[in-house]
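S.K.: mind looking at a prediction? Sequence and model below.
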Amino acid sequence: MLGFVIGRCLQALVVMLVMSLVVFTGVYAIGNPLDILIPPEAPQDIREATIARFGLDRPIWEQYLYFLLNVLQGDFGRSFIYNMPVLTLILSRLPATLELALAAVLGATLIGVPLGIYAGYRPTSVAARLIMGLSILGFSVPTFWVGLILILAFAVSLGWLPAGGRGPTVLLFGVPWSFTSLEGLSHLLLPALNLSLFKLAMMIRLARAGTREIILTDTVKFARAAGISEATILRRHVLKLISIPIVTVFGLEFGSTLAFAVVTETIFSWPGLGKLIIDSITSLDRPVMVAYLILIAALFVTINLLVDISYAALDPRLRGGRGA
C-alpha cells in the first residue's frame, strides 16, 4: 500500500509541474495588463518603473522560474488590482465557495444515492419512474435558468428565502461559515439547491445503474436463495460494490463544483472564488489568474490522488499495480 501511495504522489508532482508551465505560459500570452494598470497619458519613466516593478520586462522563461521558486516558498505573488498577496486574497474567498460546494455535493449524494438504489430495486414502480423523470429534468435544465426560477418563486413571489448574498457568518476554527445560523442557512439553501440539481441527477442514475447490475448477479441470487434479508444484501453487496464509482463521482464533482460554481455565485451574489476569477479576467490580474488555475489544478490532482487511495482501500487488488 505504501508503494502504491508513493507512486501516485510522484505522478501527482509531475502533473502539477506540467500544469504550472501550461497555465503560466497560457495566461501570460493573453493581453497586456499594463493597458489597465497604467493610463495612456502616463509618462514613459512611470511606465518603465511599473514594468520593472512587476517583473514584466523579463523573458517569460525567467518569469516562470522566478514564479516557481516563489511558489515553492508559498508565495504566489501580489495582485495587480488588490495590491495584496494573491494567496491571502484567494483564501479569503475560499470558505464561501467551499461551503456552497460541500452543501451541494453532500446534499446530492445523500439524497440521490438512496433514490437511485430504490429505483434500481423497484424499476417498474410509479415512484421509480418519477425519480428517473426527476433525473432527466436535472440533466436537461440549464443552471442559470433554474437559479432565476428559484429566486422568482421562493424569494420574490413567496418571500420565504433571500434572493442573494451570503448572510451573517460565524467564525468556526477561525473560518467564517454561514451554516452555523438559521439566517445563514436560509441564504445557503437556494444556491446550494441550484448547484446540486445536476449532481443529484447524476447520483440517481449512477446508483440505479449499479444497483440494477448487482442485483441481477448470481451472488445476490444465491444470497436470496439462502434466506439472507434484503437489508443485509443491500449493506454487504449493493452498497459495497457501488461505492467505488460513487466515490469517484463524488470526488470529481466536488472538485468541479468548487472550481466552476461561477454561474451560481453570480446569480445569487455569492461572494466566492467565482466572482474573484471573473473580476481578475476582466482586469487582466495575471497573478490571481495563474494562482487560481494552479490551485484548481492542484485540487483536482489531490482529489484524484485521494480517490485512487480510496480505490486501493476498497479493493485490495488495485494495490498490486493491475489497476494502476
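M.R.: Great, that's in hand. Residues are numbered from 1 along each chain as shown.
S.K.: can you list contacts of stretch 105-114?
M.R.: 192-193, 196-197, 199-204, 206-207, 246, 250, 253-254, 257 (Cβ atoms under 8 Å, 6 or more residues apart in numbering). Yep, even glycine has a C-beta here, placed from its N, CA and C like the rest.
S.K.: what's the first helix or strand after the helix or strand hosting Leu115?
M.R.: Secondary structure assignment for Leu115, by DSSP states H and E: helix 86-121. Moving toward the C-terminus from helix 86-121, the next helix or strand (DSSP H and E) is helix 126-140.
S.K.: just the CA atoms of that next one, as CSV, please.
M.R.: Output in CSV follows, covering the C-alpha atoms of helix 126-140 (Å, rounded to 0.1, in the frame of the first residue of the first chain):
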residue,chain,number,x,y,z
VAL,A,126,-44.5,4.7,-10.2
ALA,A,127,-42.1,6.2,-7.6
ALA,A,128,-39.1,4.9,-9.6
ARG,A,129,-40.4,6.4,-12.8
LEU,A,130,-40.9,9.7,-11.1
ILE,A,131,-37.4,9.5,-9.7
MET,A,132,-35.9,8.9,-13.2
GLY,A,133,-38.0,11.7,-14.6
LEU,A,134,-36.5,14.0,-12.0
SER,A,135,-33.0,12.9,-13.0
ILE,A,136,-33.8,13.7,-16.7
LEU,A,137,-35.0,17.1,-15.6
GLY,A,138,-31.8,17.7,-13.6
PHE,A,139,-29.7,16.9,-16.7
SER,A,140,-31.8,18.9,-19.1
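S.K.: which strands or helices does that helix pack on?
M.R.: helix 86-121, helix 182-215 (3 or more Cβ pairs under 8 Å, 6 or more residues apart in numbering; DSSP states H and E).
S.K.: report the angle between the shortest one and helix 86-121.
M.R.: Pointing back at helix 182-215 there. 50 degrees (axes from the mean of the first three to the mean of the last three Cα atoms, to 10 degrees).
S.K.: give me the contacts around the next helix or strand after helix 182-215.
M.R.: Proceeding N to C from helix 182-215, the next assigned helix or strand is helix 218-225, under DSSP H and E. The contact list for helix 218-225 (Cβ under 8 Å, 6+ apart) reads Ile214, Glu230, Thr232, Ile233, His237, Val238.
S.K.: out of the helices and strands packed on helix 126-140, flag the one nearest Thr302.
M.R.: Evaluated over the helices and strands packed on helix 126-140, closeness to Thr302 peaks at helix 86-121, with 13.7 Å, by Cβ to Cβ.
S.K.: buried residues, the closest one. List them.
M.R.: Neighbour-count burial for helix 86-121 flags 86-87, 89-90, 93-101, 103-105, 107-109, 112-113, 115-121 (criterion: 16 or more other Cβ atoms under 10 Å).
S.K.: for it, the distance to its chain's centre please.
M.R.: Distance of helix 86-121 from the chain centroid (Cα atoms, centre = their mean, to the nearest Å) equals 8 Å.
S.K.: stretch 47-65 now?
M.R.: Worked out by Cα atoms, centre = their mean, stretch 47-65 lies 33 Å from the chain centre.
S.K.: that one - what's its average pLDDT?
M.R.: Stretch 47-65 comes out with an average pLDDT of 76.
S.K.: quick one: terminal-to-terminal distance for it?
M.R.: 24 Å (Cα to Cα, to the nearest Å).
S.K.: likewise for stretch 229-245?
M.R.: With Cα to Cα as the measure, stretch 229-245 spans 25 Å from end to end.
S.K.: tell me which residues of that stretch come out buried.
M.R.: Ile233, Leu234, His237, Val238, Leu239, Leu241, Ile242, Ser243, Ile244.
S.K.: just the closest of those residues to Ala52, please.
M.R.: Distances from Ala52 to those, taken by Cβ to Cβ, are shortest for Ile244, at 53.8 Å.
S.K.: contact partners of whichever strand or helix holds the closest one?
M.R.: Ile244 belongs to helix 239-259 when assigned by DSSP H and E. Contacts with helix 239-259, where a contact means Cβ under 8 Å, 6+ apart, come from 97-98, 100-102, 104-105, 108-109, 113, 117, 195, 199, 202-203, 206-207, 210-211, 214, 273, 296, 299-300, 303-304, 306-307, 310-311, 314-315.
S.K.: contact partners for the residue lying closest to Tyr292 once chain neighbours are set aside?
M.R.: With Cβ to Cβ, 6 or more residues apart in numbering as the criterion, Tyr292 has its nearest non-adjacent residue at 5.2 Å, and that residue is Ile277. Contact analysis of Ile277 by Cβ under 8 Å, 6+ apart lists Val262, Val288, Met289, Tyr292.
S.K.: equivalent analysis for Arg58, please.
M.R.: Taking Cβ under 8 Å, 6+ apart as the test, what Arg58 contacts is Tyr66.
S.K.: which SS class is it?
M.R.: Of the three states, Arg58 takes coil under DSSP: H, G, I helix; E, B strand; the rest coil.
S.K.: if I look at it, how far off is Leu258?
M.R.: For Arg58, the distance to Leu258 equals 33 Å [Cβ to Cβ, to the nearest Å].
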